[in-house]
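**Student:** 3D model of this:
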Amino acid sequence: MNRYLLSFLFAIAAPALAATKPYHLELEAYPAAPFPYFSKFGSVDLHVYSGGVRAESFWLKGFSRNGSKTITAMNPVLRMYTEVPLADITSIVGKLASSDQIETSPPAVQGPMRGKVGVLRASRYRLVYGPTAWIDLWTTADIPPNQQLRNIVDSLINGISPPTAKVARAIPGTPVYVELNFRRFQKVALVKFKKLTFNNAGEADALKVGTLYFKAPLLDAIWR
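**Tutor:** Here you go, the predicted model:
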């Protein structure tokens, strides 16, 4: 085949190949730091794969595959699991956060400011709520956008602050570091970057229910 034609075909195929390259992004979240109603979870390990997202805490585990409209929540102690519609996450978090929801007006956005988070090239977007109140959101384009992660994060933020969720939707990239700076929370890291590897080792097991689990009809059954 003509070498010019080969070069042309590769130029067309390269972006698609890059977008489907397997990866494993590891983050650590501390939701209880600013929001005490999440204290039961402690720290949460987040595993983001090209095929979906998994979260693990001492008390609960869960996963959601790309394109799914549900999150599978599992209680490793009771060996039970249930399916939670993504659409219900906002209302569940909203009830928990009813006495502690943050600002009701949309924040102004400053940025992006280029920099690095660990080994990742990243951009900082500052969501400003006032002279001494802001959230620093660092995102990266070093991995393809993960829509399932976006959907989950949007549902969680929407339960705490719908105006913030609306602004965050417009910020490009994958979140890899989130820091809160409010009167009560000075330089509190809500999400931290841990590691990025370009392989899919462990993805299949991470995005399925473990052995010897029994299905519960309602979330309340495993929410103990």
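**Student:** can you name the element that comes right after the helix or strand of the chain with the lowest mean pLDDT?
**Tutor:** The helix or strand of the chain with the poorest confidence is helix 3-19; it has a mean of 41 (mean pLDDT, DSSP states H and E). Where DSSP states H and E defines the elements, the next helix or strand beyond helix 3-19 is strand 24-29.
**Student:** strands paired with whatever helix or strand comes next after that next one, and their directions?
**Tutor:** Using DSSP H and E, the helix or strand that follows strand 24-29 towards the C-terminus is strand 44-49. Paired neighbours of strand 44-49 in the sheet (DSSP bridges): strand 24-29 (antiparallel), strand 52-56 (antiparallel).
**Student:** in the first one, what's buried?
**Tutor:** So the one you mean is strand 24-29. By neighbour count on 16 or more other C-beta atoms under 10 Å, the buried set for strand 24-29 is H24, L25, L27, A29. Yep, even glycine has a C-beta here, placed from its N, CA and C like the rest.
**Student:** any chance of those residues in TSV, plus pLDDT and distance to P217?
**Tutor:** Shown next, in TSV, are the buried residues of strand 24-29 (pLDDT from 0 to 100; distance: C-beta to C-beta, whole Å):
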residue	pLDDT	distance to P217
H24	96	33
L25	95	33
L27	94	31
A29	89	28
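**Student:** end to end, how far does stretch 45-59 reach?
**Tutor:** Taking C-alpha to C-alpha, to the nearest Å, stretch 45-59 runs 12 Å from one end to the other.
**Student:** contact partners of it?
**Tutor:** 20-29, 40-44, 61-66, 68, 75, 77, 143-144, 146, 148-149, 152, 174, 191, 194, 200, 202-203, 206-207 (C-beta atoms under 8 Å, 6 or more residues apart in numbering).
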